[in-house]
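**Q** Sequence isn't available, so here's the structure alone:
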């Protein structure tokens with residue numbers, strides 16, 4: 001199979017994996033949000049920074065090194081596997097020991113036991129990190145999808161049952177642990193890889209030297225992206241954090257599917273093209289254009305019609321999340337482009353530059369945050385959105401230094417899609433929505449009508465004005481069908 005066919009096939013299977021998993025997860029979250037109070041989601045959000053930091057330290061950037069390295073043997077995989085296991089147990093012990101302090105910090109005594117149990121996810125995930133990396137390197141995303149979907153489905157059913165039985169926040173805890181455990185078990189059965197009992201210090205040194213800079217970058221990014229939750233959880237109520245968490249989760253739902261697929265596929269793709277500048281630029285350009293063409297109408301539609309969507313999907317108790325969602329969603333339009341741009345740095349072996357710009361971005365973001373946090377939760381939300389947009393600009397600028405594709409040209413190709421999406425969104429909201437609101441068969445029917453009008457017009461105008469090459473898209477679909 002050619003590299004292009006493998007990339008397209010991998011992208012679609014990965015997108016299918018993410019879309020399938022996220023669709024199941026989205027439905028599960030709807031049921032849970034209808035059953036549980038916002039405080040339950042707020043409590044879980046308080047823990048995310050600790051789990052995310054631990055996962056970054058467990059990985060150590062070495063799985064990224066495995067993907068990038070062209071010549072590997074089982075000593076590479078086995079060495080990284082065992083170091084992941086050792087580090088995961090150490091980090092679990094640290095979290096177990098500091099659980100009382102975490103509860104005191106947030107003034108939430110119940111957090112102590114939740115931290116001790118929820119942190120088991122770190123150990124469980126370390127047992128399949130290398131298998132998952134090996135499948136990603138081989139671009140075998142079909143198998144990953146076939147394993148992840150049943151895991152999230154079974155775990156989700158368990159979470160809903162426990163929530164109905166009155167377990168509250170613990171229903172979310174056991175759901176996550178079950179999902180991680182089922183996903184891990186399937187990797188051992190189906191990935192066809194098991195470690196040899198070897199530990200090669202030279203291999204460890206090689207992968208660590210590349211990965212530690214990515215790890216530091218990841219830690220900076222994790223702490224920064226979670227600092228908003230930390231501040232809201234510390235200085236405001238768990239309910240306010242729950243509203244923010246739900247808004248942030250939902251604004252990322254459409255783009256995370258695509259972002260996860262792109263990150264998995266573009267990293268091995270860019271790594272293979274790292275020595276061919278022209279092909280690398282062409283691949284980057286084509287992917288970025290198609291991504292924004294797809295993402296911009298979705299996000300603009302969600303921003304414009306956020307209130308009726310929240311009302312229908314999550315019920316009236318979640319309406320305080322709407323303004324948070326709309327502000328955060330504006331910056332999320334460019335999130336996939338920003339995220340997969342960073343794969344250029346790793347593919348080019350520039351983990352040093354990756355670390356450098358992470359420091360720049362986070363310093364700027366922290367300054368913005370502390371400048372706006374005096375305006376309350378809304379100020380924190382605005383700071384989060386502004387910070388994400390600045391991240392996109394900086395990522396794209398430094399990416400342009402590594403490939404021949406300037407910052408201006410990167411954003412220039414997005415303008416037609418954004419203008420069309422905004423014009424259609426505002427036009428339908430002002431001219432069409434008032435005519436059907438409260439006049440037709442219920443809120444769901446109204447949303448379906450405006451969605452058909454919006455996306456139908458978007459695709460039609462894109463085709464007439466030739467904003468996108470539909471022949472290439474059809475060609476990709478035919479390739480996948482074969």
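**A** That came through, no problem. Bear in mind the structure is a predicted one, so any value in this text is a computation, not a measurement. Residues are numbered from 1 along each chain as shown.

**Q** what about the nearest residue to residue 195 once chain neighbours are set aside, which helix or strand?
**A** Excluding its sequence neighbours, the residue lying closest to residue 195 (Cβ to Cβ, 6 or more residues apart in numbering) is residue 78, at 4.1 Å. In short, each C-beta sits where N, CA and C put it, glycine included. Assigned by DSSP states H and E, residue 78 belongs to helix 74-106.

**Q** Please work out the average pLDDT along that helix.
**A** For helix 74-106, the mean per-residue pLDDT is 90.

**Q** The host helix or strand of residue 117 - contacts with which helices or strands?
**A** Here residue 117, judged by DSSP H and E, is contained in helix 111-118. Applying 3 or more Cβ pairs under 8 Å, 6 or more residues apart in numbering; DSSP states H and E, one finds that helix 111-118 contacts helix 38-59, helix 74-106, helix 169-190.

**Q** Tell me which helix or strand comes right after the first one.
**A** From helix 38-59 onward toward the C-terminus, using DSSP H and E, the following helix or strand is helix 62-68.

**Q** which secondary structure elements does that following helix contact?
**A** Looks like helix 62-68 contacts helix 74-106, helix 129-137, helix 201-235, helix 238-272, helix 335-347 (3+ Cβ pairs under 8 Å, 6+ apart).

**Q** Now do that helix: distance to the chain's middle.
**A** 19 Å (Cα atoms, centre = their mean, to the nearest Å).

**Q** what do you get for stretch 288-303?
**A** Relative to the mean C-alpha coordinate of its chain, stretch 288-303 is positioned 16 Å out (Cα atoms, centre = their mean).

**Q** again with stretch 129-138
**A** Using Cα atoms, centre = their mean, the offset of stretch 129-138 from its chain centre is 18 Å.

**Q** List the buried residues in it.
**A** 129-137 (16 or more other Cβ atoms under 10 Å).

**Q** picking that back up, out of the helices and strands packed on helix 62-68, which is the most enclosed?
**A** Among these, judged by mean count of other Cβ atoms under 10 Å, the one packed with the most neighbours on average is helix 335-347 (a mean of 24).

**Q** Just give me how far that helix sits from the chain centre.
**A** 13 Å.

**Q** and if you look at stretch 332-347?
**A** 11 Å.

**Q** Contacts only, for the nearest residue to residue 318 once chain neighbours are set aside.
**A** The shortest distance from residue 318 to any residue other than its chain neighbours is 5.6 Å, reached at residue 310 (Cβ to Cβ, 6+ apart). Neighbour list for residue 310: 318-319, 321-322, 325 [criterion: Cβ atoms under 8 Å, 6 or more residues apart in numbering].

**Q** Would you mind naming the helix or strand containing residue 310?
**A** Residue 310 is part of helix 306-314, with elements assigned from DSSP H and E.

**Q** Let me know the angle separating that helix from helix 38-59.
**A** Angle, helix 306-314 to helix 38-59, by axes from the mean of the first three to the mean of the last three Cα atoms, to 10 degrees: 90 degrees.

**Q** by contact count, what packs against the next helix or strand after helix 306-314?
**A** Counting by DSSP H and E, the next helix or strand C-terminal to helix 306-314 is helix 322-332. Packing contacts for helix 322-332, counted by 3+ Cβ pairs under 8 Å, 6+ apart, involve helix 238-272, helix 277-304, helix 306-314, helix 377-402.

**Q** who wins for proximity to residue 442 among those?
**A** helix 306-314 (8.8 Å; Cβ to Cβ).

**Q** low-confidence ranges in the stretch 51-200 of the chain?
**A** By pLDDT under 70, the weakly predicted segments of the stretch 51-200 of the chain are 59-61, 139, 141.

**Q** swap the cut-off to 90 and go again
**A** 51-84, 87, 107-110, 128-150, 152, 187-200 (pLDDT under 90).

**Q** for residue 312, what are its contacts?
**A** 443-444, 447.

**Q** are any of those residues buried, and which?
**A** Of the contacts of residue 312, these count as buried by 16+ other Cβ under 10 Å: residue 447.

**Q** Closest one of the contacts of residue 312 to residue 24?
**A** residue 444 (20.2 Å).

**Q** now that closest one: how far from residue 312?
**A** To residue 312, residue 444 is 6 Å away according to Cβ to Cβ, to the nearest Å.

**Q** go on, residue 376?
**A** For residue 376, the distance to residue 312 - Cβ to Cβ - is 28 Å.

**Q** how far out from the middle of the chain is the helix or strand residue 360 falls within?
**A** Using DSSP H and E, residue 360 sits in helix 351-372. Distance of helix 351-372 from the chain centroid (Cα atoms, centre = their mean) equals 19 Å.

**Q** got it, and stretch 370-380?
**A** 24 Å.

**Q** tell me the contacts of the nearest residue to residue 206 once chain neighbours are set aside?
**A** Of all residues not flanking residue 206 in the chain, residue 65 sits nearest, at 7.5 Å (Cβ to Cβ, 6+ apart). Residue 65 is in contact with 206-207, 210-211, counting by Cβ under 8 Å, 6+ apart.

**Q** and what of residue 130?
**A** Counting by Cβ under 8 Å, 6+ apart, the residues that residue 130 touches are 63, 66, 77, 80-81, 84, 193, 195.

**Q** ok, now how distant is the nearest residue to it once chain neighbours are set aside from residue 196?
**A** Among residues not flanking residue 130 along the chain, residue 81 sits closest, at 4.4 Å (Cβ to Cβ, 6+ apart). Using Cβ to Cβ, residue 81 is found at 9 Å from residue 196.

**Q** Quick check: residue 417 touching residue 297?
**A** Yes. The criterion here is Cβ atoms under 8 Å, and residue 417 meets it with residue 297 at 7.5 Å.

**Q** ok so, going back, the helices and strands packed on helix 62-68: which one's closest to residue 171?
**A** helix 238-272 (14.4 Å).

**Q** before we move on, back to that, can you turn the buried part of the contacts of residue 310 into a PyMOL selection?
**A** Buried residues among the contacts of residue 310 (16+ other Cβ under 10 Å), as a PyMOL selection:
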select buried, resi 318+321+322+325
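
**Q** Redo the contacts of residue 310 as CSV? Include pLDDT and distance to residue 398.
**A** As requested, the contacts of residue 310 are arranged in CSV below (pLDDT from 0 to 100; distance: Cβ to Cβ, whole Å):
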residue, pLDDT, distance to residue 398
318, 91, 38
319, 91, 40
321, 92, 34
322, 92, 35
325, 93, 30
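
**Q** quick one: contacts of stretch 291-304?
**A** Outside stretch 291-304, the residues touching it (Cβ under 8 Å, 6+ apart) are 251, 254-255, 258, 262, 309, 325-326, 329-330, 332-334, 336-337, 340, 413-414, 417-418, 420-422, 424-426, 428-429, 451, 454-455, 458, 462, 467-468.
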